[in-house]
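Trainee: All I have is the shape, not the residue letters:
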């Protein structure tokens with residue numbers, strides 16, 4: 001009897017074990033077919049029902065056969081481990097899987113639809129694609145078409161994305177799609193979300209007229225081509241990188257958001273803080289953009305800037321008229337081919353520009369300073385206050401200049417060509433700061449190198465110069481205009497890193513005499529350099545070994561220094577060494593003072609340990625390294641955020657990547673040097689160094 005009971009207990013245990021095993025393996029993972037009677041799942045409804053009833057045991061891919069599918073809904077599928085749920089068309093290239101009506105994805109994480117054709121039914125007035133509170137929803141390689149040119153209701157569009165108003169951030173990614181709708185292409189509502197549009201071709205009305213974009217919602221448009229049928233692309237929280245825009249309407253195309261390396265084939269009105277590296281083939285309007293940065297752009301049409309106090313227009317090619325109607329404009333290092341008219345406001349700073357032989361600089365009832373420019377024609381009409389100093393006036397018979405100001409020079413800049421305003425004359429005299437970012441470019445807009453290129457702070461030592469006056473923040477290049485300094489040298493040696501160089505750059509801190517000596521010690525010629533006081537320029541860098549940070553003071557013209565390290569400690573040393581108590585990010589502030597003024601410099605100190613998570617580092621690779629333009633990041637562990645820090649610890653790039661194992665970015669806009677790349681994964685953060693050299 002005891003044996004019988006024992007056998008019964010044993011049998012019961014085996015049954016329970018088998019049942020438990022069947023339950024644990026019933027969760028979906030891996031690949032399944034979908035769409036015909038022989039498939040694992042005959043329909044989307046069957047597959048989604050299985051996801052909800054059986055759950056997820058890992059990433060799952062549904063390979064969908066060609067055919068038409070009506071009204072697909074993925075709603076409330078539990079996915080606590082954030083496994084990937086992908087529906088992908090799997091068939092011949094000349095066929096397709098088509099979703100007709102509406103695709104809904106509600107409250108379900110990590111859903112991807114790949115390589116589908118999706119369009120609304122005829123006369124459908126509600127959204128064709130609707131994502132609501134679904135983290136990392138993706139549309140990849142899809143054709144999303146408003147085939148019947150439907151008109152959508154209020155708060156509806158071809159693609160509708162809803163984010164929550166509170167809680168964690170959600171991400172939507174639309175990549176490599178063709179999107180066509182005459183109007184109401186996107187509607188994006190809610191607050192806590194970030195939408196990424198990459199590598200798409202988009203036709204029609206770009207944004208729904210009733211876009212809800214409040215608080216902290218962001219949209220990033222990268223490498224898309226837009227064929228716009230409406231002129232309004234205005235919403236806060238937008239950024240645009242490497243896109244191409246076409247618009248042939250009668251109105252100016254209005255765009256809001258920072259612009260980096262885009263190309264426009266239309267007239268555009270921009271509202272942005274940063275407008276950098278773009279090509280504008282039409283006119284550009286910059287209105288109400290206080291303190292904006294307009295850098296490194298090519299403008300082939302008219303440029304106008306109105307009511308934009310403190311805007312910085314620097315390092316641009318400006319081929320048509322420029323109308324500047326602002327206060328305190330900084331206009332520097334530009335190549336100017338036509339008239340620039342300043343017609344309003346005080347405080348205009350016009351420096352280091354190259355004007356073509358036909359270009360005009362006009363100041364109408366406005367004031368400021370005009371310094372270190374190559375100018376052909378200049379008219380000044382009743383300025384309130386205008387300082388004209390140290391400009392080079394191109395020697396042309398038809399030049400029209402109303403006044404030359406002080407320290408005027410008259411050299412042919414020897415531009416390389418009518419279309420290339422790079423000066424090649426070695427006889428130009430001017431100022432160029434050693435470390436001042438305002439003067440890091442020559443008068444020919446070439447970034448200074450060592451030895452310096454021919455430009456604003458360089459002179460030809462031609463035995464005809466009188467005394468030279470510079471400020472303590474200036475450098476001076478002495479150029480003999482010879483190929484060799486045979487049997488000659490410069491003196492005093494303390495000023496010269498190489499006293500036999502034919503074009504040495506010196507940084508005198510005090511007034512001094514410079515001598516050219518023969519090999520036998522005989523004075524051949526001399527130049528007196530008068531150095532005057534100038535406000536200090538604060539700058540610094542740092543290096544660290546663990547928590548011990550060594551600060552290098554790069555400031556000039558400073559007498560006293562005050563460091564605040566961001567952890568409550570401070571120092572008055574010129575270049576202190578400071579030990580932090582723990583790893584982290586600190587903002588370090590430097591105050592530099594002399595009898596004239598104070599200047600401030602702030603930098604972010606990021607103290608990290610490269611390789612602090614060795615297991616994670618083994619899974620991460622970056623290539624190529626060194627890199628010149630595109631860098632690829634590959635990881636065995638999915639990462640959802642990517643950060644890049646420069647050698648000073650300053651965060652220069654930050655992007656939510658959407659739980660991927662591979663990412664590719666272009667870093668050509670970053671300066672040469674070494675950087676730290678950080679990936680945030682579920683297991684932690686991993687860091688790796690790489691170098692940009694180009």
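Mentor: Perfect, thanks for sending it. Treat the numbers as computed from the prediction; the structure is a model and nothing was measured.
Trainee: remind me which residues of the stretch 201-350 of the chain are low pLDDT?
Mentor: 207-216 (pLDDT under 70).
Trainee: same question, the stretch 351-500 of the chain
Mentor: 382-385, 395-398, 423-471, 473-475, 477, 479-483.
Trainee: ranges for the helices of it?
Mentor: Shown for the stretch 351-500 of the chain, no helices are assigned by DSSP state H, counting those that start in this stretch.
Trainee: what about the strands in it?
Mentor: 354-355, 360-364, 368-371, 374-375, 377-381, 386-389, 392-393, 415-417, 420-423, 458-460, 468-471, 476-479, 488-491 (DSSP state E, counting those that start in this stretch).
Trainee: And the third one, what does it pack against?
Mentor: To tie it back to what came earlier, the one meant is strand 368-371. strand 348-351, strand 386-389 (3 or more C-beta pairs under 8 Å, 6 or more residues apart in numbering; DSSP states H and E). (C-beta placed from N, C-alpha, C; glycine too.)
Trainee: so which of the ones you listed comes closest to residue 498?
Mentor: Residue 498 lies closest to strand 348-351 among the helices and strands packed on strand 368-371, at 29.7 Å (C-beta to C-beta).
Trainee: Tell me the buried residues in that closest one?
Mentor: Using 16 or more other C-beta atoms under 10 Å as the test for burial, strand 348-351 gives 348, 349, 350, 351.
Trainee: CSV for the helices and strands packed on strand 368-371, including distance to residue 194?
Mentor: Shown next, in CSV, are the helices and strands packed on strand 368-371 (distance: least, C-beta to C-beta, whole Å):
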stretch, distance to residue 194
strand 348-351, 37
strand 386-389, 47
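Trainee: Of those strands, which is nearest residue 494?
Mentor: Between the helices and strands packed on strand 368-371, strand 386-389 lies closest to residue 494; by C-beta to C-beta that is 29.7 Å.
Trainee: Touching the closest one from outside, list them.
Mentor: Strand 386-389 has contacts (C-beta atoms under 8 Å, 6 or more residues apart in numbering) with 363, 367-372, 380, 403-407.
Trainee: follow-up on the earlier one: just so I know, which of the helices and strands packed on strand 368-371 lies nearest residue 669?
Mentor: Of all the helices and strands packed on strand 368-371, strand 348-351 comes closest under C-beta to C-beta, at 23.6 Å.
Trainee: Would you give the sheet partners of that closest one, along with the direction of each?
Mentor: strand 330-332 (parallel), strand 368-371 (parallel) (DSSP bridges).
Trainee: Same list (those) but as TSV, adding distance to residue 152 and mean neighbour count.
Mentor: Formatted as TSV, these follow (distance: least, C-beta to C-beta, whole Å; neighbours: other C-beta atoms under 10 Å):
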stretch	distance to residue 152	mean neighbour count
strand 330-332	45	24
strand 368-371	51	22
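Trainee: now these as a markdown table including distance to residue 219?
Mentor: Below are the strands paired with strand 348-351 laid out as a markdown table (distance: least, C-beta to C-beta, whole Å):
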| stretch | distance to residue 219 |
| --- | --- |
| strand 330-332 | 29 |
| strand 368-371 | 37 |
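Trainee: now, which of the contacts of strand 386-389 sits nearest residue 159?
Mentor: When the contacts of strand 386-389 are compared against residue 159 (criterion: C-beta to C-beta), the nearest one is residue 368, at 48.0 Å.
Trainee: Skip the chain neighbours and tell me the closest residue to that closest one.
Mentor: In this structure, residue 368 finds its nearest non-sequential neighbour in residue 348, 3.1 Å apart by C-beta to C-beta, 6 or more residues apart in numbering.
Trainee: separation between that neighbour and residue 386?
Mentor: Look at residue 348 and residue 386: by C-beta to C-beta, to the nearest Å, they are 8 Å apart.
Trainee: cool, and residue 81?
Mentor: Distance of residue 81 to residue 386, given as C-beta to C-beta: 68 Å.
Trainee: With neighbour numbers in mind, choose between the two.
Mentor: Set residue 81 next to residue 386 and count neighbours by other C-beta atoms under 10 Å: residue 386 wins out with 19 against 13.
Trainee: burial of the nearest residue to residue 369 once chain neighbours are set aside, as a residue count?
Mentor: Once flanking residues are discounted, residue 369 sits nearest to residue 387: 4.2 Å by C-beta to C-beta, 6+ apart. When counting by other C-beta under 10 Å, one arrives at 15 neighbours for residue 387.
Trainee: Please apply the same query to residue 42.
Mentor: 14.
Trainee: now do residue 149
Mentor: Counted with other C-beta under 10 Å, residues neighbouring residue 149 total 11.
Trainee: Now it. Nearest residue, chain neighbours left out?
Mentor: Take residue 149 and drop its neighbours on the chain: the residue closest to it by C-beta to C-beta, 6+ apart is residue 182, 5.4 Å away.
Trainee: got a list of what the one you found touches?
Mentor: By C-beta under 8 Å, 6+ apart, the residues touching residue 182 are 146, 149, 204, 205, 229.
Trainee: which ones are touching the closest residue in space to the last one that isn't next to it in sequence?
Mentor: I take that to be residue 229. Leaving aside its sequence neighbours, residue 229 sits nearest to residue 204 (C-beta to C-beta, 6+ apart; 4.9 Å). Going by C-beta under 8 Å, 6+ apart, residue 204 touches 146, 179, 180, 181, 182, 183, 185, 227, 228, 229, 230.
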